[in-house]
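K.L.:
Fold the following and give me the result.
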Amino acid sequence: MFTTILSIVITILAVILLAKPTGVYMAKAFSDENTALNKLYGPFENFLFKLSGIKRINQTWKQYALALVLANGFMIVLVYLVFRLQGVLPLNPSKIVGMEPTLAFNTAISFMTNTNLQHYSGESGLSYLAQMIGILFMMFAAPGTALAVVMAFMRGLAGKEIGNFYTDLIRAITRVLLPIAFVSGLVLVALGVPQTLDPTITAQTVEGGDQNIARGPVGAFLSIKELGNNGGGFFGVNSAHPFENPNAISNFIQILLMLLLPTATPFAYGRMVGNPKQGRVLFVSMLMMFVLFVGIAVTSEYQGNPVLNALGVEHTQGSLEGKEVRFGSGLSALYAVVTTASETGAVNNMHDTMTPLGGLMPLSAMLLNTIFGGVGAGFINVIMYAMIAVFLSGLMVGRTPEFLGKKIEGREMKLIAVTLLIHPLLILGASAVALFTTVGAEAISNPGFHGISQVVYEYTSSAANNGSGFEGLGDNTPFWNISTGLVMYIGRFFGLVTMLAVAGSLASKKLVPETVGTFRTDTPLFGVILIGTIFIVGALTFFPTIVLGPVAEYLTL
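P.N.:
The predicted structure follows:
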């Protein structure tokens with residue numbers, strides 16, 4: 001266990017060390033200043049702008065939001081057609097047929113919303129063409145979209161022009177996602193991850209039987225899967241498969257990639273709004289919640305399963321059900337919290353087999369959706385809670401709340417309130433329908449409290465654009481494909497549009513002079529208030545559901 005704890009500490013320290021320089025790089029990447037990055041990427045980007053007819057003019061928040069929705073809608077339709085027609089398209093050596101309509105609908109929305117919820121088995125559900133043109137394409141476009149929106153959001157908070165969606169999208173891909181994914185992909189291939197277009201091969205086992213071994217362009221797929229907080233696996237069992245996650249080093253790199261951009265965003269924010277100290281406060285606040293969740297998950301997974309070692313002395317090995325022995329209980333629990341805190345959804349173990357409290361941590365990370373969060377979208381949720389904290393603090397002292405020198409008034413709070421409510425409404429409303437109806441309840445494989453957790457986890461994963469699942473749920477049916485598809489779409493774009501409206505509203509306001517009564521948002525006190533607000537407002541919303549699921553299961557063991 002000591003080795004596992006040491007590995008976890010080293011991993012968290014590595015994440016902390018990489019966060020600030022990456023954040024500074026991101027801020028420069030989206031700057032219009034004449035920096036070295038513009039000289040490096042400028043010629044290629046100018047070619048793309050000219051080829052696509054993009055005019056780099058500043059948009060209003062409404063124009064930006066419209067471009068966001070229309071562009072993503074077009075890409076959803078495009079990849080839907082690829083999935084439906086993959087049976088007659090090239091690069092299909094395994095002769096995989098076209099997807100069923102509701103499954104294609106679910107998969108197209110899933111990957112374009114950065115969710116990557118998979119109701120199909122990766123290696124047998126898609127052709128190489130569908131994997132590369134459909135899935136791999138969206139794995140760049142979806143996080144690129146979120147990264148573009150969060151940068152526009154930051155500009156609005158800073159009182160600057162919102163920018164241009166198409167310019168930001170191209171910069172997100174060319175300056176951030178492509179370079180890092182290319183280098184990390186080469187590293188993963190060197191560690192043993194396959195990268196080939198050859199078809200499935202058949203190997204003879206020691207018993208004399210035949211075994212079909214799937215392979216493909218996994219290396220390129222895997223790097224952007226983790227970096228872009230996508231999470232969809234090339235193989236059905238995701239990063240529990242030795243081809244996607246061969247050893248402890250590849251596991252370590254995947255964790256770094258998942259947390260790289262979410263942990264860097266607060267530092268990019270601090271630089272772009274001209275208040276680096278506030279960015280550090282937000283980073284530390286999220287880091288404290290993250291460490292707490294990791295600690296509870298790891299401790300819970302190490303409770304039980306006493307075994308005898310070689311000397312006959314009883315010791316706790318941890319809960320190894322549903323886990324790869326090459327990672328063990330501790331690193332599996334760490335991965336589970338990382339993948340849900342970062343809205344990635346990749347798994348190196350089956351969350352359905354975690355202990356009740358161990359499984360509660362990844363579920364809670366998605367319910368709160370503020371512990372770092374995914375590329376862009378998660379940080380926007382953090383700022384939303386920061387504004388709520390400022391508003392509540394202002395009410396308590398009888399002062400108009402201010403954020404970054406701008407007054408937060410009725411218009412902004414109405415938009416924030418609607419954004420705050422849509423998340424629990426999607427999760428709890430859809431879960432209630434699924435549990436009440438036969439077509440929903442018949443998918444549950446574990447009756448009782450654990451069955452409730454299965455359903456709530458599925459819709460939470462969808463609404464939070466995470467994509468991980470408890471598994472065991474029979475979700476490849478028209479009911480689950482359509483319902484989770486709608487939850488994913490609304491959960492993704494509703495909040496992005498409403499918070500863009502908040503940024504646009506604040507951008508048009510004049511700065512309020514700072515006085516002795518101004519509530520500063522770049523102090524440790526504000527960090528404490530922010531954490532309290534997240535747990536009080538966010539956690540209490542879902543407390544009854546948590547009690548009916550993981551807590552009740554824990555108390556009945």
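
K.L.:
Strands of the stretch 201-350 of the chain, start to end?
P.N.:
If you assign secondary structure with DSSP state E, counting those that start in this stretch, the strands in the stretch 201-350 of the chain sit at 201-204, 210-213, 306-308, 314-316.

K.L.:
For the first one, which strands pair with it and how are they oriented?
P.N.:
If you go by DSSP bridges, strand 201-204 pairs up with strand 210-213 (antiparallel).

K.L.:
ok, the spatially most central residue of the chain - contacts?
P.N.:
Centroid check for the chain by Cα atoms, centre = their mean gives residue 343 as the closest residue, at 1.9 Å. Residues in contact with residue 343 (Cβ atoms under 8 Å, 6 or more residues apart in numbering) are 114, 229, 262, 366, 369, 373-375, 377-378, 464-466. Where C-beta positions appear, they are placed from N, C-alpha and C, glycine not excepted.

K.L.:
Go again with 10 Å.
P.N.:
114-116, 143, 146, 229-231, 258, 262, 365-366, 369, 371-378, 381, 461, 464-468 (Cβ atoms under 10 Å, 6 or more residues apart in numbering).

K.L.:
Spatially nearest residue to it, not counting backbone neighbours?
P.N.:
residue 374 (3.0 Å; Cβ to Cβ, 6 or more residues apart in numbering).

K.L.:
For the one you found, give me its contacts.
P.N.:
114-115, 142-143, 146-147, 228-231, 258, 261-262, 265, 341-345, 380-381, 464-467.

K.L.:
again, but for residue 164
P.N.:
Contacts of residue 164 by Cβ under 10 Å, 6+ apart are 49, 54-59, 63-64, 67, 148, 152, 170-171.

K.L.:
Looking at those, state which has the most neighbours.
P.N.:
residue 152 (29 neighbours; other Cβ atoms under 10 Å).

K.L.:
average pLDDT across stretch 264-274?
P.N.:
In this model, stretch 264-274 has an average pLDDT of 95.

K.L.:
and the nearest residue to residue 286 once chain neighbours are set aside, what does it touch?
P.N.:
In space, and not counting its chain neighbours, residue 286 is closest to residue 372: 5.1 Å by Cβ to Cβ, 6+ apart. Applying Cβ under 10 Å, 6+ apart, one finds that residue 372 lies in contact with 15, 19, 229, 258-259, 261-266, 282-283, 286-287, 289-290, 338, 341-343, 365, 378-379, 382.

K.L.:
For residue 446, give its distance to residue 356.
P.N.:
Separation of residue 446 from residue 356 (Cβ to Cβ, to the nearest Å): 12 Å.

K.L.:
ok, those two, which is more surrounded?
P.N.:
The neighbour comparison of residue 446 against residue 356 (other Cβ under 10 Å) goes to residue 356, with 19 against 15.

K.L.:
Let me know whether the more buried one touches residue 450 as I believe.
P.N.:
Yes: counting by Cβ atoms under 10 Å, residue 450 is a contact partner of residue 356 at 8.2 Å.

K.L.:
between the two, what contacts are shared?
P.N.:
549-550, 552-553, 556.

K.L.:
Can you give me the distance of the residue nearest to residue 343 to residue 138?
P.N.:
For residue 374, the distance to residue 138 - Cβ to Cβ - is 14 Å.

K.L.:
What of residue 57?
P.N.:
Taking Cβ to Cβ, one finds residue 57 at 27 Å from residue 138.

K.L.:
just residue 217 next, same as before
P.N.:
15 Å.

K.L.:
quick one, which of these two is more surrounded?
P.N.:
residue 138 (30 against 17).

K.L.:
got the contact list for that one?
P.N.:
72, 75-76, 78-79, 107-114, 116, 144-145, 224, 228, 230, 232.
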